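Enquirer: Got a predicted structure here, sequence first:
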Amino acid sequence: MNKISKVVVVFIALLTFLALMIQSQEVKIAGLFIQFENETSEAEVKAILENYDIPVNYTIDYNSNIGRGMYYIEVDEDKIYELRKDENWTSVVEIKKGNYNIIMLSEEFVPDENVLAMLEKNNLQLKKAVVCYIHFGVGPADWVVGKNCILEKDA
């Protein structure tokens, strides 16, 4: 290979490397739902997120109503199995934390008398949650960007 061919090959390799680096830094997800205990203020949410190294710009939709899990209960690990046997059991999302599970319930289950009776029977307390949506990137939060399209959210 002559000297010019080597320079061209090195230049193409450098451009390929730069293109891969730029591509790997773009935002891969639109956002994230985070659920906090009730009474968590917007300032506390901001302070918590500032403690994490989030390498992209983000905005916070505090107390968002577009996510599931507006209420939750905490159930001891040994009690969860007998609770699942109950005919009124309506768990959608369970998160194990230490020796208990956090079970998220959407608002549609809360006024249900059977669910409230099951909670009372098992001595469980229903707690309200603060759900925040963290939107990553600099684009508008109402748009979902796809590979070959842009779709309006809730269209």
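Expert: Cool, the structure landed.
Enquirer: got the residue ranges for the helices in the chain?
Expert: For the chain, the helices defined by DSSP state H occupy 3-24, 42-50, 77-84, 113-121.
Enquirer: Once you drop chain neighbours, what's closest to residue 105?
Expert: Using CB to CB, 6 or more residues apart in numbering and skipping residues adjacent in sequence, the residue nearest residue 105 is residue 71, 4.7 Å away. The C-beta positions use only the backbone N, C-alpha and C, and glycine is treated the same way.
Enquirer: so what's that neighbour up against?
Expert: 104, 105, 106, 107, 109, 110, 126, 127, 128, 129 (CB atoms under 8 Å, 6 or more residues apart in numbering).
Enquirer: Look at the third one and say how many residues are nearby.
Expert: Translated: residue 106. Residue 106 is flanked by 14 other residues according to other CB atoms under 10 Å.
Enquirer: if we can go back for a sec, just the contacts of residue 71: which are in strands?
Expert: Residues of these located in strands (DSSP state E): 104, 105, 127, 128, 129.
Enquirer: The last one touches residue 105, doesn't it?
Expert: Same thing as residue 129. No. In this structure, residue 129 is not within contact of residue 105 by CB atoms under 8 Å, at 9.4 Å.
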